[in-house]
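# let's see this in three dimensions:
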Amino acid sequence: MGRRRSATCSTSIADTKVSSRSLQDSGPIFIVRSVSIASALLLVAVTVAPFETAAAQEDTTSGPYRSVTIVPDDGVTLSWAGRHYAGSLEVTSASDGLVLLDHVGVDDYLLGIQEVPFSWPEAALQAQAVAARTYLAWTLGRGRAGAGKTYGFDICASSACQVYGGLDQVASASGKRWKAAVESTSGELLLYGGRPALAMYSSTTGGRTRNYEDVYAGRSPIPYLRAVPSPGEQSAFAEWRYEVRGSVLEDVLESAGLVDGPLRDVEVTETEDGDGPWTVEIRSAGETIRLTATEFRGAMNRWGPKAHPEAFPAYRPDGGRYPQTVLSPTFDVDKQWHFPDSFRSGYIDVYAVYEFEGRGWGHMVGMSQYGAKAMAEAGSDYGQILSHYYSGLVPEPGDGILPETITVGLDWKEKTLRISADGPVSVVVDGQTIAVDAIGSWGFAYGGGVMLIPPEGFGLPPTVGDVPEMITGTSGRSLLVSVTVTAPARVRLVVFRGAQVVAETPWKAREAGRVSLIWDGTVAGATAPPGPYRLMIEARNAEGSASVFLTAVLVG
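Here you go, the predicted model:
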């Protein structure tokens with residue numbers, strides 16, 4: 001490979017509007033920290049020897065802060081936990097840990113909804129888009145409540161609200177179908193009395209939805225959330241059943257505080273017509289407790305996997321597990337006795353077994369997603385689907401109801417977080433922009449507030465080292481070049497044949513450390529001919545730039 005060398009050229013970048021260095025007159029900086037109401041600025045310097053890794057770098061953590069926001073430049077995407085998100089990501093702190101918020105436009109939020117497979121029929125996707133948009137509008141109109149009020153967001157990203165997963169799914173091969181459904185129904189809502197309806201929906205009903213007040217006992221009826229038929233649902237959870245040993249169920253109910261002494265029986269009381277609230281009676285040696293089916297379901301789903309993770313959620317006949325312990329509020333429980341097949345051992349092991357049998361997955365109120373799919377396959381359009389499940393409501397323009405931007409709660413109660421970007425970002429600390437055109441991954445830790453951990457080498461110009469003088473490759477094959485970059489930077493590879501540029505890779509944001517770049521071995525779409533080439537590796541950030549050259553020889 002030959003002797004390795006390094007080269008540095010710390011010149012300013014012409015297209016950089018403001019660099020982190022411009023926050024002070026001279027000297028390297030790491031971060032600007034607000035330390036008084038008068039906005040006095042403390043500049044913390046960091047010095048790193050060339051080509052040394054983070055192990056030799058002093059601790060650059062700063063804080064605590066109330067809030068840190070990572071704002072992407074145009075065309076840049078942020079990522080967290082392996083998922084990519086539109087908008088800006090903000091980290092705040094609460095009494096129990098860090099909170100991660102996504103400030104995102106309504107249209108981008110809807111594109112990130114992941115409630116049904118994007119391969120479903122167009123009308124089913126359109127119905128889902130209108131229902132999701134309406135549920136968002138209803139949630140915003142209600143105001144922040146529960147975790148949203150505690151942690152400062154409009155709507156959560158889990159199935160407790162609507163499943164929001166960012167940009168990855170819509171960027172998939174089938175994602176364009178969901179994007180088309182969102183765009184073709186743009187601005188459409190389900191309105192009742194001029195206000196957004198509570199457009200509830202769930203996966204499967206097993207043939208019939210439920211009345212709102214029957215599932216949520218004690219609440220007033222809602223005229224458009226009535227029980228309706230939902231035929232043709234081709235779902236694995238349209239019907240479900242499993243058995244659980246009595247001692248296991250007793251442990252779960254004891255953990256939930258629902259039994260006092262040995263469990264004697266669990267009985268579900270249904271109404272004659274299937275409507276009306278179903279109740280669950282739990283009889284133990286010490287007392288009898290009555291719950292609604294929804295309350296019992298909630299207790300089982302919370303405590304079942306905690307008390308007996310080996311048993312809950314239960315196993316399906318195909319060997320997989322059900323998605324929840326009790327899938328819906330429509331179920332029955334039947335106590336049976338287990339007797340041994342043979343008494344030859346002289347020991348008789350007789351014990352109680354409870355059989356759970358139900359239909360549907362979810363709360364079963366409003367639109368059935370698998371029912372919507374069945375209607376779409378039968379030829380219904382999205383307006384007909386929505387009118388069926390929401391008792392006559394049809395999509396209509398919702399001009400002026402939704403804001404341009406909302407705040408989504410991605411996560412909370414965390415002790416550490418990390419946010420990455422595929423390009424330059426700005427960093428805003430407690431309302432003050434302390435860095436622009438910054439590159440790299442930003443870490444966060446909980447410590448009486450938000451502790452900020454910058455990327456390795458942040459605030460320094462990049463240098464490129466460990467560069468081979470010459471490499472060889474085979475014509476028609478890709479060529480890999482590895483170097484070391486000492487600071488976060490945008491990096492690219494430029495290929496010269498003589499004085500002419502014949503190929504180049506796009507700029508890509510890279511962390512400090514070992515960086516690999518690949519030339520695909522083509523020139524103008526054709527295989528690069530054998531012979532010598534000059535490769536330039538260029539690194540740029542807000543503090544400066546560096547470039548190095550090496551020779552590549554392709555053999556036939």
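
# on the three-state scheme, residue 509 is what?
At residue 509 the chain is in strand, as set by DSSP: H, G, I helix; E, B strand; the rest coil.

# need the pLDDT of it.
For residue 509, the pLDDT comes out at 94.

# what's the answer for residue 40, then?
Turning to residue 40, the model gives it a pLDDT of 27.

# contacts only, for the residue nearest in space to the middle of the chain.
Among the residues of the chain, the one closest to the centroid is residue 165, at 3.7 Å (C-alpha atoms, centre = their mean). By C-beta atoms under 8 Å, 6 or more residues apart in numbering, the residues touching residue 165 are 83, 112, 114, 157. In this view, the C-beta of every residue, glycine as well, is placed from N, C-alpha and C.

# residue contacts, the first one?
Contacts for residue 83 were tallied using C-beta under 8 Å, 6+ apart; they are 165-168.

# try 6 Å
Taking C-beta atoms under 6 Å, 6 or more residues apart in numbering, we find residue 83 in contact with 166, 168.

# which of the contacts of residue 165 has the most neighbours?
Most neighbours among the contacts of residue 165, by other C-beta atoms under 10 Å: residue 112, with 26 neighbours.

# now that residue: phi and psi?
With angles defined as degrees, to the nearest 10, residue 112 sits at phi -90, psi 0.

# quick one: it and residue 312, what's the gap?
30 Å (C-beta to C-beta, to the nearest Å).

# and for residue 286?
Going from residue 286 to residue 312 by C-beta to C-beta gives 24 Å.

# how is this structure divided into domains?
Split into domains by automatic domain parsing, the chain comes to 19-101+409-453, 103-234+363-397, 239-358, 464-555.

# how far does the shortest one sit from its chain's centre?
From the chain centre to the centre of domain 464-555 is a distance of 34 Å (C-alpha atoms, centre = their mean, to the nearest Å).

# stretch 268-286 too?
Chain-centre distance of stretch 268-286: 37 Å, with C-alpha atoms, centre = their mean.

# kindly export that stretch (C-alpha atoms) in CSV.
In CSV, the C-alpha atoms belonging to stretch 268-286 read as follows (Å, rounded to 0.1, in the frame of the first residue of the first chain):
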residue,chain,number,x,y,z
VAL,A,268,-67.9,-12.3,31.7
THR,A,269,-71.5,-11.0,31.6
GLU,A,270,-72.7,-10.0,28.1
THR,A,271,-75.8,-8.2,27.1
GLU,A,272,-78.4,-10.1,25.1
ASP,A,273,-78.0,-8.0,21.9
GLY,A,274,-74.2,-7.8,22.2
ASP,A,275,-74.4,-4.1,22.7
GLY,A,276,-74.2,-2.4,26.1
PRO,A,277,-71.2,-2.6,28.4
TRP,A,278,-69.9,-6.0,29.1
THR,A,279,-68.7,-6.7,32.7
VAL,A,280,-66.1,-9.0,34.2
GLU,A,281,-66.7,-10.5,37.6
ILE,A,282,-63.6,-11.7,39.5
ARG,A,283,-64.3,-13.9,42.5
SER,A,284,-61.6,-14.8,45.0
ALA,A,285,-61.7,-16.1,48.5
GLY,A,286,-61.7,-12.6,50.0
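
# what does that stretch rub up against?
Identification of contacts with stretch 268-286 by C-beta under 6 Å, 6+ apart yields 211, 214, 217, 227, 258-267, 289-293, 296, 332-333.

# sort out for me which of the residues you listed are in strands.
In this view, the contacts of stretch 268-286 that belong to strands under DSSP state E are 263-267, 289-292, 332-333.

# among those, which pair sits farthest apart?
Across these, the longest distance by C-beta to C-beta is 20.4 Å; it joins 264 and 292.

# report the buried residues of stretch 383-401.
383-391, 393, 395, 398, 401 (16 or more other C-beta atoms under 10 Å).

# for the residues you listed, give me CSV that also has secondary structure and pLDDT.
Below are those laid out as CSV (DSSP: H, G, I helix; E, B strand; the rest coil; pLDDT from 0 to 100):
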residue, secondary structure, pLDDT
383, helix, 98
384, helix, 99
385, helix, 99
386, helix, 99
387, helix, 99
388, helix, 99
389, helix, 99
390, coil, 99
391, coil, 97
393, coil, 98
395, strand, 98
398, coil, 94
401, coil, 97
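
# on that earlier part again, and the gap between the residue nearest to the centre of the chain and residue 430?
Distance from residue 165 to residue 430, by C-beta to C-beta: 30 Å.

# coming back round to it: ranking the domains of the chain by burial, who's on top?
With neighbours defined by mean count of other C-beta atoms under 10 Å, none of the domains of the chain is more surrounded on average than domain 103-234+363-397, at a mean of 20.

# closest to residue 522 among the contacts of residue 165?
Of those, the one sitting nearest to residue 522 (C-beta to C-beta) turns out to be residue 83, at 32.3 Å.

# who is that closest one paired with across the strands?
Judged by DSSP bridges, the bridge partners of residue 83 are residue 80.

# do residue 188 as well
Going by DSSP bridges, residue 188 is paired in beta bridges with residue 397.

# isn't it right next to residue 130, touching?
Yes - between residue 188 and residue 130 there is a contact at 5.2 Å, judged by C-beta atoms under 6 Å.

# can you pull the residues that touch both of the two?
Common neighbours of residue 188 and residue 130 (criterion: C-beta under 6 Å, 6+ apart): residue 395.

# residue ranges in this protein under the pLDDT threshold?
The chain contains residues with pLDDT under 70 at 1-59, 271-274, 276, 340-348.

# if we go to 90?
Within the chain, the stretches with pLDDT under 90 are 1-61, 173, 217-218, 260-261, 269-278, 286, 338-350, 469, 556.

# packing partners of the lengthiest helix in it?
The longest helix of the chain (DSSP state H) is helix 122-142. In this structure, helix 122-142 packs against helix 175-184, strand 188-192, strand 195-196, helix 369-377, helix 382-389, with contacts taken as 3 or more C-beta pairs under 6 Å, 6 or more residues apart in numbering; DSSP states H and E.

# out of the ones you listed, flag the one nearest residue 491.
Residue 491 lies closest, by C-beta to C-beta, to one member of the helices and strands packed on helix 122-142: helix 175-184, at 28.7 Å.

# alpha carbons only: can I get the closest one in CSV?
Output of helix 175-184 as CSV, limited to C-alpha atoms (Å, rounded to 0.1, in the frame of the first residue of the first chain):
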residue,chain,number,x,y,z
GLY,A,175,-44.7,4.3,0.2
LYS,A,176,-45.7,6.2,-2.9
ARG,A,177,-49.2,4.7,-2.6
TRP,A,178,-49.6,6.1,0.9
LYS,A,179,-48.3,9.4,-0.2
ALA,A,180,-50.8,9.5,-3.0
ALA,A,181,-53.6,8.7,-0.6
VAL,A,182,-52.6,11.6,1.7
GLU,A,183,-52.2,14.0,-1.2
SER,A,184,-55.5,13.0,-2.9
